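In: next input, structure requested:
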Amino acid sequence: MRVIFLGTGGSLPTPQRNVSAMAVQMGSEILLFDCGEGTQRQFMLSSASFMKVSCIFITHLHGDHFLGIPAMLQSMSFSGRDRPVRIFGPAGTEETVKVMLTLGYFKPGFDIVASDLCENEVVPFPGYHVLAVPADHTVPAFSYVLEEDPRPGKFNLERAKELGIPEGPLFRRLQEGKAVDLEGRRIDPEMVLGPRRRGRKLGISGDTRPTESLAEVAKGADLLVHEATLHSSLRNEAREYGHSTALEAAEVALKAGAKLLYLYHFSNRYDDLTPLIEEARGVFPNTHVAEDLTSVQVNPPEEEWNREPKD
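Out: Have a look, this model is predicted:
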């Protein structure tokens, strides 16, 4: 699991930050969370390819979160794409995508399937799922939690040798959680595997006031990405427009027991993000700011973090 921040600004782009888009690479597949204008160019500046995007999850239908979709779909078509793209989001997403596909004379060479999600709906994928969590914004909006399925326990090599299991295909089948037959004996995976291990968990706030629902569903997240549009000195303005302060984002991370917090979706009034990071770290020390093209490798829970570039 690798997270690439393609756009970290809110409302409109600045010379330093493009508007919202975040790629999550799961093996050879990329899930894109929000797609502000210019996202396909941000991909070109990154180490990832927009051609690998299989699904787009929109947090809400404010322009800085979805207006990049038609341009990216057109770039995909020009580049010879033939695989379908699925697009998910809150109420209105399906109709909005239909309208976007009528713009100009663009006719994609692949299927585009858009769907409105319900609150707490789960979108399944092989080995993981994405959950749509109700957010608190000025329009219908979702936060999202991506969570892997539990992983098999660690393979006990010494126990396998004691049972007389030869190295090779039988080891692999047991590691995959499948029973094997050995000279008339049934060997169950539990006989050579330790306790099942949890998968990785990623929480993505989208635009929202701080919510208990996200803190609860993202409990124990390996990485929480939370909007921090404003400093707490502007908390009343943040509340009025359905946003969180950096301090409130840190409080959500603390309640969730997250391992790492990345702040994003910064107001264009901030050239220097030091005040936001300082107030967040006062509550949740393991906080970082997401800069455009920052890449974060999310390793299995028992492994170390690899974050590049370092901030």
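
In: care to break the chain down by domain?
Out: 2-151+197-308, 157-191 (automatic domain parsing).

In: which residues in the stretch 51-200 of the chain form strands?
Out: 53-57, 85-89, 112-116, 122-125, 128-134, 142-148, 180-182, 185-187 (DSSP state E, counting those that start in this stretch).

In: put together a markdown table for those, with mean neighbour count and distance to residue 7 on each row.
Out: All C-beta spots, glycine's among them, are computed from the backbone N, C-alpha and C. Formatted as a markdown table, the strands of the stretch 51-200 of the chain follow (neighbours: other CB atoms under 10 Å; distance: least, CB to CB, whole Å):
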| stretch | mean neighbour count | distance to residue 7 |
| --- | --- | --- |
| strand 53-57 | 22 | 14 |
| strand 85-89 | 22 | 17 |
| strand 112-116 | 16 | 21 |
| strand 122-125 | 14 | 22 |
| strand 128-134 | 20 | 20 |
| strand 142-148 | 25 | 16 |
| strand 180-182 | 13 | 49 |
| strand 185-187 | 13 | 51 |
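
In: out of the ones you listed, which comes closest to residue 34?
Out: Proximity to residue 34, assessed across the strands of the stretch 51-200 of the chain by CB to CB, is greatest for strand 53-57 (7.6 Å).

In: need the residues that contact the closest one.
Out: Here strand 53-57 makes contact (CB atoms under 8 Å, 6 or more residues apart in numbering) with 23, 29-35, 69, 72, 76, 83, 85-89, 123, 130, 142, 144.

In: helices or strands next to the helix or strand hosting residue 31 in the packing?
Out: Using DSSP states H and E, residue 31 sits in strand 29-35. Judged by 3 or more CB pairs under 8 Å, 6 or more residues apart in numbering; DSSP states H and E, the packing partners of strand 29-35 are strand 21-26, strand 53-57, helix 63-66.

In: any buried residues in the first one, and which?
Out: Taking 16 or more other CB atoms under 10 Å as the basis for neighbour counts, the residues of strand 21-26 that come out buried are 21, 22, 23, 24, 25, 26.

In: tell me how far it lies from the chain's centre.
Out: Mean C-alpha position of strand 21-26 versus that of the full chain (CA atoms, centre = their mean, to the nearest Å) differs by 6 Å.

In: neighbouring strands of that strand in the sheet, and parallel or not?
Out: strand 2-7 (antiparallel), strand 29-35 (antiparallel) (DSSP bridges).

In: now render the ones you listed as CSV, adding mean pLDDT.
Out: Formatted as CSV, these follow (pLDDT from 0 to 100):
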stretch, mean pLDDT
strand 2-7, 98
strand 29-35, 97
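
In: can you add distance to residue 222 and mean neighbour count and give the ones you listed back as a markdown table?
Out: Below are the strands paired with strand 21-26 laid out as a markdown table (distance: least, CB to CB, whole Å; neighbours: other CB atoms under 10 Å):
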| stretch | distance to residue 222 | mean neighbour count |
| --- | --- | --- |
| strand 2-7 | 10 | 24 |
| strand 29-35 | 16 | 24 |
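
In: now distance to residue 242 too, for these, in CSV please.
Out: As requested, the strands paired with strand 21-26 are exported to CSV (distance: least, CB to CB, whole Å):
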stretch, distance to residue 242
strand 2-7, 19
strand 29-35, 15
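
In: for residue 43, find the nearest of those.
Out: strand 2-7 (6.5 Å).
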